[in-house]
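In: Provided below for reference: sequence and predicted model.
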Amino acid sequence: MESFLRRRDLPSFYRAKELTDPALQIVHSESCKSMQASAFILNTIEELEESMPFHIESFVRAKVYTIGPLNALLSSKQISASSTSLWEVDRSCLTWLDSQELKSVVYVSFGSLAMVMADQLLEFWYGLINSGKPFLWVMRPGSIIGERQIPEELLVATKERGCMVDWSPQEEVLAHPSVGGFLTHSGWNSTLEAITAGVPMLCWPYFGDQQINSRYVGEVWKNGIDMKDMCDRSIIEKMVRDLMEDKRDELMKSSVKFAEMGHVNPMLKLAELLSITGIHVTFLNTDYNHQRLVKFTDFSSRFSQFPGFRSESINDGLPDDQRQEVNSFVKLFFAMRTVGPPIFRQMLISSREKSKEWPPITCIIGDGIMSFTNDVGKELGIPNIDFHTHSACCVWPYLCIPEMIREGELPFKGVDAYHVHSVLVFDLYKSVADADMDHKITCVPTMEDFLRRRDLPSFLREAADTTMQSLYNMYGKTIGVSAIILNTVKELEEPVLSRIESHLLTKIYTIGPLHALLRSQKSSTSLNSLWKVDGDCLTWLDSQPLKSVVYVSFGSIAVVTANQLLEFWYGLANSGKMFLWVMRPDSIIGKDGESEIPEELLKATKERGCMVEWSPQEKVLAHSSVGGFLTHSGWNSTMEAIAAGVPMLCWPYAGDQQINSRYVGEVWKNGIDMKDTCDRSTIEKMVRDLMKDRKDELMKSSMRLEKMVRSSVEEGGSSFCSFERLVEDIRLMSF
């Protein structure tokens, strides 16, 4: 990092004025202790951070698993995405996005923890309005410090081209073709999700690892703009225009080259991955988080399919009346350090005593910020793997704290800040000396060219910050872990991963993106069709315009009469739309051959149709050329279409298909229910209804999952192989 790392780019915890700063001490201590872990898990991509995993692994002398982005890796192993948000999701924003033009919307979200002052809120608001761009803004309840009257002009302009929600289904939003840019706090999960979706970023980091994440986005990966330490309406307006217009092509090119709340989300996805392999998993959560998961997500039903999975929860020690305070996450961190160890120790001991009922715990995968799991595991002789849900390029500077102190980079000098209810806030117009904050940090290898003070976590901007002390201690414990897991792709963070590996001298498992790995493994195990798949239809789809094709398939059992066949055929041909039709050999009743098909239909089919006996349906539905699905409403097909975001025209055949189609048309409203109707004019009209005005709204699906991320989770890819090694190593620990 020698060529780009500046003081400004170091994690905010480093912005301390004295070595005695409690937060700085905690980071140092935790970094040292992290070297005791059996391994490291990093929520990153090996290719993204290049040599970093290697450096970390050699430094800590433990395995490093880069398994990110977790959301993408998880998607690769399952058909449907599952929500793990601790906030109630407002999905109405997706409908609003459907009405917007391709790549026209700025998505704005500052995550689940970041706060903004009322004055900052107005600066962002004016900047967005003045840019002239439509925007979708996630304004989390309780995220605004102070009160200000909102000018009428802002409310009017927002009504014209803005949409505001309390919380959004972020992965779906970022994958939506209307979204062209992401104004983000640069949290690592959000950063990886944007990279996976191929969406360029405008970064306004808040604290922690976000400073260095934004520096990498702007300076190394060049898939976004780093706007740290600035909050002025004119600057925001200009940078939004840069993001969406002036630099759009440049940033989009970088974003496509790389094309996934907090810690609970990736931990759940990792638990699901391991459960799929048959490993017994005990998922330990706090009572509060567990209750919210059960209330707002499909947690219970999703994990009930795994007999080797069980969930336990404990009191986190934080009084309910403190959960809505702006510094509740800091209080929670310290509360868990107090109440966590004895409860965790007793749980591990009990697992040994009850080994006849449930296999004893033989390996601990702990959240990287809860280092007490390392202490307890070491005490009881149980290997500990650290799972870091942030990037490798954040882990590495943490591990370099001692070197930065020796080189005089820490503590910071001449940087002023103040606290509001123990949450760090900057007077961006008076206190932060930009020249000083742009000072490069040159003692973090691989980041020398771009890392600044400004890019480091904000906790380092205040000498008395107690969080800095905690992190200082926490990363000290990383040295000695058995291994590290990262939700990332090796190729994404290769230089940093190499450094971490050599520094810690432990294994690093890079197994991301988790949702993409889940999807790929699920697909590979479900190819048990009784019909031979014709892959040539994918080549045909490749030659078709975006979202122009109606995919037609009535499944593996449904049949149609010869007359019904002709009505469907005429309806499709007369609609003027391209179509890919799966016509199973035994699916037609009363068919005597092609001679019975009118010449006009054969001609129309040759011009804009493709027929196959069986297709690779998941791949077809995921193809960018497919804009609608004429289906029999079998449940598998219905779920696959929902997962792929493809609207349906439903013609149910038997069994549960009738109610499935009703839900599609009336409850979910993601399609049209055409049951009991089979005449060419109705089919023609409904196909046009299904496909009208969708072409320009959608983008190629290949933009959603960037080539590098996709290849990493395929068989033989870096994340695929890293996850296989992780599973093998965990199994060996049980003997």
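Out: Yes, it's here. Numbers count the residues shown, from 1 in each chain.

In: and the nearest residue to Phe124 once chain neighbours are set aside, what does it touch?
Out: Distances taken as CB to CB, 6 or more residues apart in numbering place Ile236 nearest to Phe124, at 6.0 Å, with adjacent residues excluded. (Glycine included, C-beta is placed from N, CA and C.) Counting by CB atoms under 8 Å, 6 or more residues apart in numbering, Ile236 touches Glu123, Phe124, Tyr126, Gly127, Leu128, Ser131, Met227, Met230.

In: check Gly317 too.
Out: Contacts of Gly317 (CB under 8 Å, 6+ apart): Ala335, Met336, Thr338, Val339, Gly340.

In: nearest to Ile485 among the contacts of Ile236?
Out: Using CB to CB, Met227 comes nearest to Ile485 of those, at 31.2 Å.

In: so where's the stretch 151-300 of the chain uncertain?
Out: By pLDDT under 70, the low-scoring segments of the stretch 151-300 of the chain are 253-263, 265, 296-297.

In: show me where it has its strands.
Out: 162-165, 179-184, 201-203, 224-226, 281-286 (DSSP state E, counting those that start in this stretch).

In: these: which one's closest to Asp249?
Out: strand 179-184 (11.4 Å).

In: so which helix or strand takes in the nearest residue in space to Pro151 that is not next to it in sequence?
Out: On the basis of CB to CB, 6+ apart, the spatially nearest residue to Pro151 that is not a chain neighbour turns out to be Leu122, at 7.9 Å. Element membership of Leu122 [criterion: DSSP states H and E] is helix 118-131.

In: and that helix, average pLDDT?
Out: Helix 118-131 comes out with an average pLDDT of 93.

In: what's the angle between it and strand 179-184?
Out: Between the axes of helix 118-131 and strand 179-184, defined by axes from the mean of the first three to the mean of the last three CA atoms, to 10 degrees, the angle is 160 degrees.

In: so what secondary structure elements neighbour helix 118-131?
Out: On a contact count with 3 or more CB pairs under 8 Å, 6 or more residues apart in numbering; DSSP states H and E, helix 118-131 meets strand 105-109, strand 144-145, helix 152-161, helix 233-241.

In: how about 7 Å then?
Out: For helix 118-131, the packing partners by 3 or more CB pairs under 7 Å, 6 or more residues apart in numbering; DSSP states H and E come out as strand 144-145, helix 152-161, helix 233-241.

In: how about the longest one: buried residues?
Out: To tie it back to what came earlier, the one meant is helix 152-161. Buried residues in helix 152-161, counted by 16 or more other CB atoms under 10 Å: Leu154, Ala157, Thr158.

In: next one: the nearest residue to the second one once chain neighbours are set aside from Ser190, what distance?
Out: Spelled out, that is Ala157. In space, and not counting its chain neighbours, Ala157 is closest to Ile129: 4.4 Å by CB to CB, 6+ apart. From Ile129 over to Ser190 the distance is 23 Å, taken as CB to CB, to the nearest Å.

In: and if you look at Ile212?
Out: When distance is defined by CB to CB, Ile212 is 14 Å away from Ser190.

In: swap in Pro383?
Out: Separation of Pro383 from Ser190 (CB to CB): 31 Å.

In: look at the two and report which has more neighbours.
Out: Set Pro383 next to Ser190 and count neighbours by other CB atoms under 10 Å: Ser190 wins out with 24 against 20.

In: my guess is that one contacts Leu174, does it?
Out: No - the pair Ser190 and Leu174 fails to qualify as a contact (CB atoms under 7 Å) at a distance of 8.7 Å.

In: need the overlap of contacts for the two.
Out: Counting by CB atoms under 7 Å, 6 or more residues apart in numbering, no residue touches both Ser190 and Leu174.

In: which stretches of the stretch 551-700 of the chain form strands?
Out: Under DSSP E, counting those that start in this stretch, the stretch 551-700 of the chain gives strands at 560-561, 578-582, 588-589, 609-612, 626-631, 648-650, 671-673.

In: can I get those in a markdown table with mean pLDDT?
Out: Shown next, in a markdown table, are the strands of the stretch 551-700 of the chain (pLDDT from 0 to 100):
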| stretch | mean pLDDT |
| --- | --- |
| strand 560-561 | 81 |
| strand 578-582 | 93 |
| strand 588-589 | 72 |
| strand 609-612 | 90 |
| strand 626-631 | 91 |
| strand 648-650 | 89 |
| strand 671-673 | 83 |
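
In: need these in JSON lines with distance to Tyr398 and mean neighbour count, can you?
Out: Conversion of these to JSON lines gives the following (distance: least, CB to CB, whole Å; neighbours: other CB atoms under 10 Å):
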{"stretch": "strand 560-561", "distance to Tyr398": "63", "mean neighbour count": "17"}
{"stretch": "strand 578-582", "distance to Tyr398": "51", "mean neighbour count": "22"}
{"stretch": "strand 588-589", "distance to Tyr398": "65", "mean neighbour count": "14"}
{"stretch": "strand 609-612", "distance to Tyr398": "53", "mean neighbour count": "20"}
{"stretch": "strand 626-631", "distance to Tyr398": "45", "mean neighbour count": "26"}
{"stretch": "strand 648-650", "distance to Tyr398": "48", "mean neighbour count": "25"}
{"stretch": "strand 671-673", "distance to Tyr398": "48", "mean neighbour count": "22"}
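
In: may I see those strands organised as TSV, with distance to Glu147 added?
Out: Shown next, in TSV, are the strands of the stretch 551-700 of the chain (distance: least, CB to CB, whole Å):
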stretch	distance to Glu147
strand 560-561	63
strand 578-582	55
strand 588-589	68
strand 609-612	60
strand 626-631	46
strand 648-650	46
strand 671-673	44
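
In: select, out of the ones you listed, the one closest to Asp729.
Out: Between the strands of the stretch 551-700 of the chain, strand 626-631 lies closest to Asp729; by CB to CB that is 40.2 Å.

In: could the C-alpha coordinates of that closest one be exported in CSV?
Out: Output of strand 626-631 as CSV, limited to C-alpha atoms (Å, rounded to 0.1, in the frame of the first residue of the first chain):
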residue,chain,number,x,y,z
VAL,A,626,-35.8,-13.1,-21.4
GLY,A,627,-38.5,-10.6,-20.4
GLY,A,628,-41.5,-12.9,-19.5
PHE,A,629,-42.4,-16.5,-18.8
LEU,A,630,-45.5,-18.2,-20.1
THR,A,631,-45.8,-21.0,-17.6
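
In: the longest helix in this structure is where?
Out: Ranked by number of residues, the top helix in the chain under DSSP state H is helix 328-353.

In: how far does that one sit from its chain's centre?
Out: Its chain's C-alpha centre and that of helix 328-353 lie 28 Å apart, by CA atoms, centre = their mean, to the nearest Å.

In: what of stretch 186-197?
Out: With CA atoms, centre = their mean, you get 6 Å for stretch 186-197.
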